[in-house]
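In: Build the 3D model from these lines:
(2 chains)
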Amino acid sequence: MKRKLLLLSLLSAGVFSANAQDSTQTDPPLTITGSVDTYYKYDFADHSNLPTSFASDHNSMSIGMVDIALKKKVSKASFVGEISFGPRGQSQSLPNAAGVYDETTNSYNIQNLYVSYDVTDKLALTAGYMATFVGYEVISPVGNFNYSTSYLFTNGPFQNAGFKASYAFSGKVSLMAGIFNDYWNVYKSASKLNTFGAQLSLAPVEGWSAYVNLLTGPSSGTEIDLTTSYQITSAFKLGLNAATFSAGNDYEDGGFTGVALYPQYAVSSAVTLGLRGEYFKTKTGDYATFGPAPGESVTAITATANIKAGPLSLIPEVRFDNMSNDAVFTKKSGAPSKNAGQFVLAAVYAF
Amino acid sequence: MKRLIIVLLLALAGSAVYAQAQQTDSLGFDENNKYIYYQVAAQPGLNADTIYKRALNFLKTAYTKDKLKLKKQDDGKATLMGEGGFLVSKKALVSKHEDAKITYDITVEVKDGKYRYWLTNFVVIPYERDRYANFVPVNGKKTPLEHGLRVLGQKDLDDYLEKVLVNSREIGKRLKNFILSPAPATTKESKISPVIKKDW
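Out: Take a look at the predicted model:
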């Protein structure tokens, strides 16, 4: 009886203290956010065909990652530490300590690890291992509309470790410039900190943002990228990503060029429908991409729905890829094919 | 068992009384079908000029500029207008992050011994996670609270309405505190005479 009374008292106290909490508090001591994602994929050839990132397992209920980000800001100084576990958050997006993508020896689990200091309201300095500033799509499934990823994303940088300074000229124009490790996606440089990166951010009109990105270094090569999106109405958004990449000194020649268009339409507060149309072409040379062989191209169409139920998103998706040659895809029989297709149903929970 | 039921009833009654005590005001709709938080407050003993100056001080200094700032000052009509915004967060047991910013317009009018104020034009700007694990406003997505049911859904709308009410009350309380206390005089900081002087 005493226990029950005590429990009731605690519950009542809980109700009152919850009411008394200030919902307007905006500077929590430590912010913890993240996501988990899981998916089922069926490739129409009855085996995995597409070489783009994530959602790799055919006819399997598989996991993406559990992703946990910690953030704290005290006055002008802040840090972000983001760790991830699972195929998507380990060997599919992160190298191990030795700089190799190997699930069996994956060890670091770090997606973001950086510190930042706001020198003034307009100037911020950041150093550490950061998600790349290049490209439209990101590693976190919460940041993407489509669950499968584009060839531009898969073949572009994932992370850049370095030091950067960002200056906001106004609410509409800002510039970032920084120096990064000699290779992309590495926790430490091979020998030098000599990749230069810059991002010009523009917001010409309300709802329209554009980022012109440059990442260039003797070892990492040079990528020039345009990422832009325009919320044309409250329901319709159009995104565009275009990039060209030329390989660095480790290769004689090669690279890629591509463009992807992302129209999305919200049919209700819970359901948004979207397409991704991508054209991706590789340059001739000895640089190999995840996709077409050098000098070849691929066109991919992805139709995705995003159905929200609070923090949970269900993402059904159908995708068809058409390659210029039959060197990459295979039919059900194993015979070479120019075409591949797949269905994915993913669930992403954000917290 | 009887005692248990009595305690349970007392706890429920307590909650109801507490909730009623909180419900002294609420959001309503104005003639333009917009949500409005409207209050008239008596301040006997203070003339219109004093209340006006203190309300002006409130709009200029009560919050940082990104949270509230003076937009228009009409001395002839004794009317002040400001614009502001507050962040609302999604909170679970151990996690919390910015969910949206709700912007608003505030108007304060004064007369001898009383003042009135209202907050309206509430607009929800959702936040989303960026690639660096920060939560940032979604560019171009602005939903007037009146369209919230269609665009945001019932659950989010209810949540935002509650937070608008809580924040409006908070702003009203802070305005009252400013009206009650004299505006700080802008005195020049007195120069401290040096300890070590030339002629010693």
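In: how about the residues of the stretch 151-300 of chain A that lie near chain B?
Out: Within the stretch 151-300 of chain A, the positions near chain B by CB under 8 Å from any CB of the partner chain are A:203, A:206-209, A:229-231, A:234, A:237, A:269-270. In short, each C-beta sits where N, CA and C put it, glycine included.
In: Spit out the contact partners of the residue in the stretch 101-250 of chain A that chain B sits nearest to.
Out: Closest contact between the stretch 101-250 of chain A and chain B, by CB to the nearest CB, is at A:Gly207 (2.3 Å). A:Gly207 is in contact with A:230-232, B:139-141, counting by CB atoms under 8 Å, 6 or more residues apart in numbering or on different chains.
In: sorry, back to before: quick one: the residues of the stretch 151-300 of chain A next to chain B as TSV, columns for pLDDT and secondary structure too.
Out: Below are these laid out as TSV (pLDDT from 0 to 100; DSSP: H, G, I helix; E, B strand; the rest coil):
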residue	pLDDT	secondary structure
A:Ala203	94	coil
A:Glu206	90	coil
A:Gly207	92	coil
A:Trp208	95	strand
A:Ser209	95	strand
A:Ser229	96	strand
A:Tyr230	96	strand
A:Gln231	94	strand
A:Ser234	85	coil
A:Lys237	96	strand
A:Ser269	84	coil
A:Ala270	90	coil
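In: quick one, what contacts the closest residue to chain A within chain B?
Out: When scored by CB to the nearest CB, chain B has B:Gly140 as its residue closest to chain A, at 2.3 Å. With contact taken as CB under 8 Å, 6+ apart, B:Gly140 is in contact with A:206-208, A:230-231, A:237.
In: coming back round to it: between the residues of the stretch 151-300 of chain A next to chain B, which has the most around it?
Out: Per-residue neighbour counts (other CB atoms under 10 Å in any protein chain shown) across these peak at A:Lys237, which has 23 neighbours.
In: returning to that earlier point: out of the contacts of A:Gly207, the closest to A:Ile179 would be?
Out: Checking the contacts of A:Gly207 against A:Ile179 by CB to CB gives B:Asn139 as the nearest, at 28.2 Å.
In: From the chain's centroid, how far away is stretch A:122-138?
Out: 12 Å (CA atoms, centre = their mean, to the nearest Å).
In: Give me the contact status of that stretch with chain B.
Out: Yes: shown here: stretch A:122-138 in contact with chain B (CB under 8 Å from any CB) through A:130-133, A:138.
In: Could you tell me the end-to-end distance of that stretch?
Out: 26 Å (CA to CA, to the nearest Å).
In: Stretch B:83-100 too?
Out: Termini of stretch B:83-100 sit 17 Å apart (CA to CA).
In: cool, stretch A:322-336 as well?
Out: End-to-end for stretch A:322-336, by CA to CA: 12 Å.
In: Give me the buried stretch members for that stretch, please.
Out: A:323-324, A:328-329, A:331 (16 or more other CB atoms under 10 Å in any protein chain shown).
In: Tell me, please, where in the chain the pLDDT is lower than the cut-off.
Out: With no chain named, the answer covers chain A. A:1-28 (pLDDT under 70).
In: actually it's chain B I care about, not the one you picked
Out: Those would be B:1-24, B:92-95, B:183-191, if you go by pLDDT under 70 across chain B.
In: Lovely, talk soon.
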